[in-house]
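K.L.:
below are the sequence and a predicted model; questions follow.
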Amino acid sequence: MMKTALTIAGSDSDGMAGIQADLKTFKHFKVHGLSVITAITAQAPEKVLSIHTVPAESISDQFEAVRSSFNIDGIKTGMLYTANTIEILREKLHKYDGPLIIDPVMIAGSGALLLQEDAIIPLIDTLLPLATIITPNIHEAERIAKIKIRTLEDMKIAAKKMRDMGIQGILMKGSHLNTPKITDMFYLEDDFHIHEKKRINASAHGTGCVFSAALLAGIINGSTPQVAFHRAEDHVSGIMKERALLENEQIMTLEREFRQGIARLENSKGFCKLIAEVRSNLAVGSEQMRSLEDIVTTEGRITQSYGYPIAIGPLELGGIHHVPRLLLSAQRLDNSIRAAINIRFKEEHVEACQLAKLDVQEIDRRKEPPKNLQKEGGTMEWVVEEVYKRHGKIPDAIFDRGDFKKEPMIRIFGRSATDVINKIFRILSFL
């Protein structure tokens, strides 16, 4: 039976934070999301236009409605806004014995107050000691611990102060520190767990909500708090990387093209028979691509679920899969080639390519020079360059029958994602 997680938080009209972000995160981690809405915000990433509180009776009724019908495997709180809401939740949660994550939301990234001043002390004194883990950012931690935080050592001192206040686990997010890297710190059972990550130049609106929801989902699914911490970090980093892509105008154009191609594949049950054993991936770049950073792909590749193809994970630039390297090598020889995909090798698939009147060329991987294997991306360069030397152009498809520890594969090339996907459907029509 699917696990359940309850989020008690405000509604965010732009869908990037609050209840909306929590429910999307629960779904990503395959946990059924329940909700109690405490406030309604009219909000965009850069500003909060208005906040309207939900009546206390409604907050109480929402909680009782879900509690009476579901076994709640974990709870997280976000924006609570009023002292009255905190008092209601103290009464509801003081006997709850499952994991309780409290994100002590006080101030929006835009600067708007998301917790009234007279609610701060009730939050600190009556609600935070009930938590399994709290997830403050630096500004919130300063208010709770009543010290200035400028360094990692300050973070550790603040965490110990919070522990002395009766708070069990403290996971402090360090993005507001003026440091080259972001340092997050998890203090649990007298042990410090430190996670450093690169800063990503993108909007961070709502990532605190996503982080605490991912942390709860991980714990509900059976991970230790420490493992759930690292998985939540990875999930938020993926979202930030994707946002950074979408804030780049050229990448946004490629992203739209990529998503349109993926959507066509995901709606085709037939494509499942072409998915490679190592999974497939679509890569799309511009005519001016110079490196892997100019190529859009998906981090988790394309697999299948419930009989349909599905692209897993956030978008990324380049990545470690071989298809982007293949595309980059092909584009250096013919700059009209802007997209590529890999599919499963079978004799019948090669025959379908030929029946679809594609230009199909074979390469013998057994002839690849051993020294080539020592060069990063060398195999993909060799595959493309060998065919180009022999054939004089980049064909629609290059296939090989594999070799020792080398999976046989078919690669499809095209002038756009649409061109590549059209070729895939031509192949499928002969299978």
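P.N.:
Great, that's in hand.
K.L.:
and the helices in this structure?
P.N.:
Along the chain, the segments classed as helices by DSSP state H run 18-28, 56-69, 83-93, 120-122, 138-145, 152-164, 207-220, 225-246, 249-266, 322-333, 347-355, 378-391, 417-428.
K.L.:
mind giving me the packing neighbours of the fourth one?
P.N.:
Helix 120-122 makes packing contacts with helix 83-93 when contacts are defined by 3 or more C-beta pairs under 8 Å, 6 or more residues apart in numbering; DSSP states H and E. In this view, the C-beta of every residue, glycine as well, is placed from N, C-alpha and C.
K.L.:
pLDDT weak spots in the chain?
P.N.:
109-112, 247, 372-378 (pLDDT under 70).
K.L.:
care to break it down by domain?
P.N.:
Using automatic domain parsing, the domain parsing of the chain gives 4-246, 249-428.
K.L.:
wait, which of the helices of the chain is closest to residue 76?
P.N.:
helix 207-220 (4.7 Å; C-beta to C-beta).
K.L.:
next, the angle from the closest one to helix 18-28.
P.N.:
40 degrees (axes from the mean of the first three to the mean of the last three C-alpha atoms, to 10 degrees).
K.L.:
can you dump the C-alpha atoms of helix 207-220 in PDB for me?
P.N.:
Provided in PDB are the C-alpha atoms of helix 207-220 (Å, rounded to 0.1, in the frame of the first residue of the first chain):
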ATOM      1  CA  THR A 207      13.400  24.900  -2.900                       C
ATOM      2  CA  GLY A 208      13.200  24.900   0.900                       C
ATOM      3  CA  CYS A 209       9.700  23.500   0.700                       C
ATOM      4  CA  VAL A 210      10.800  20.900  -1.900                       C
ATOM      5  CA  PHE A 211      13.800  20.000   0.300                       C
ATOM      6  CA  SER A 212      11.800  19.300   3.500                       C
ATOM      7  CA  ALA A 213       9.200  17.400   1.500                       C
ATOM      8  CA  ALA A 214      11.800  15.200  -0.100                       C
ATOM      9  CA  LEU A 215      13.500  14.600   3.200                       C
ATOM     10  CA  LEU A 216      10.200  13.500   4.700                       C
ATOM     11  CA  ALA A 217       9.400  11.300   1.700                       C
ATOM     12  CA  GLY A 218      12.800   9.600   2.000                       C
ATOM     13  CA  ILE A 219      12.300   8.800   5.700                       C
ATOM     14  CA  ILE A 220       8.800   7.500   5.100                       C
END
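K.L.:
send me stretch 274-286 as CSV with only the CA atoms.
P.N.:
The C-alpha coordinates for stretch 274-286 follow below in CSV (Å, rounded to 0.1, in the frame of the first residue of the first chain):
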residue,chain,number,x,y,z
LEU,A,274,13.1,0.1,-29.3
ILE,A,275,14.4,1.2,-25.8
ALA,A,276,18.0,-0.1,-25.4
GLU,A,277,19.0,-2.3,-22.5
VAL,A,278,21.1,0.5,-21.1
ARG,A,279,18.1,2.7,-21.7
SER,A,280,17.7,5.2,-24.5
ASN,A,281,18.3,8.9,-24.5
LEU,A,282,17.4,11.8,-26.8
ALA,A,283,20.0,14.7,-27.2
VAL,A,284,19.3,18.0,-28.9
GLY,A,285,21.7,20.8,-29.6
SER,A,286,22.0,24.0,-31.6
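K.L.:
off-centre distance for it?
P.N.:
Chain-centre distance of stretch 274-286: 19 Å, with C-alpha atoms, centre = their mean, to the nearest Å.
K.L.:
buried set for it?
P.N.:
274, 275, 276, 279, 280, 281, 282, 283, 284, 285, 286 (16 or more other C-beta atoms under 10 Å).
K.L.:
make CSV out of the residues you listed and add distance to residue 85.
P.N.:
As requested, those are exported to CSV (distance: C-beta to C-beta, whole Å):
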residue, distance to residue 85
274, 53
275, 48
276, 52
279, 46
280, 48
281, 46
282, 46
283, 48
284, 47
285, 50
286, 50
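K.L.:
quickly note the distance from the spatially closest residue to residue 206 that is not a sequence neighbour to residue 108.
P.N.:
For residue 206, ignoring the flanking residues on the chain, the nearest one in space by C-beta to C-beta, 6 or more residues apart in numbering is residue 17 at 3.2 Å. In this view, residue 17 and residue 108 are 8 Å apart by C-beta to C-beta, to the nearest Å.
K.L.:
and for these two, which residues touch both?
P.N.:
Any residue near both residue 17 and residue 108 by C-beta atoms under 8 Å, 6 or more residues apart in numbering counts here, and that gives residue 43.
K.L.:
the two: which is more packed in?
P.N.:
Taking neighbours as other C-beta atoms under 10 Å, residue 17 and residue 108 compare with residue 17 leading, 28 against 21.
K.L.:
residue 415 contacts residue 335, correct?
P.N.:
No: under the contact definition of C-beta atoms under 8 Å, residue 415 does not touch residue 335, with a separation of 10.1 Å.
K.L.:
contacting residues around residue 352?
P.N.:
Contacts for residue 352 were tallied using C-beta under 8 Å, 6+ apart; they are 427, 428, 430, 431.
K.L.:
report the buried members of those residues.
P.N.:
Buried among the contacts of residue 352 by 16+ other C-beta under 10 Å: 427, 428.
K.L.:
just to revisit the earlier point, can you put the helices of the chain in JSON lines and add distance to residue 200?
P.N.:
Shown next, in JSON lines, are the helices of the chain (distance: least, C-beta to C-beta, whole Å):
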{"stretch": "helix 18-28", "distance to residue 200": "17"}
{"stretch": "helix 56-69", "distance to residue 200": "35"}
{"stretch": "helix 83-93", "distance to residue 200": "33"}
{"stretch": "helix 120-122", "distance to residue 200": "31"}
{"stretch": "helix 138-145", "distance to residue 200": "18"}
{"stretch": "helix 152-164", "distance to residue 200": "20"}
{"stretch": "helix 207-220", "distance to residue 200": "10"}
{"stretch": "helix 225-246", "distance to residue 200": "4"}
{"stretch": "helix 249-266", "distance to residue 200": "14"}
{"stretch": "helix 322-333", "distance to residue 200": "20"}
{"stretch": "helix 347-355", "distance to residue 200": "39"}
{"stretch": "helix 378-391", "distance to residue 200": "27"}
{"stretch": "helix 417-428", "distance to residue 200": "25"}
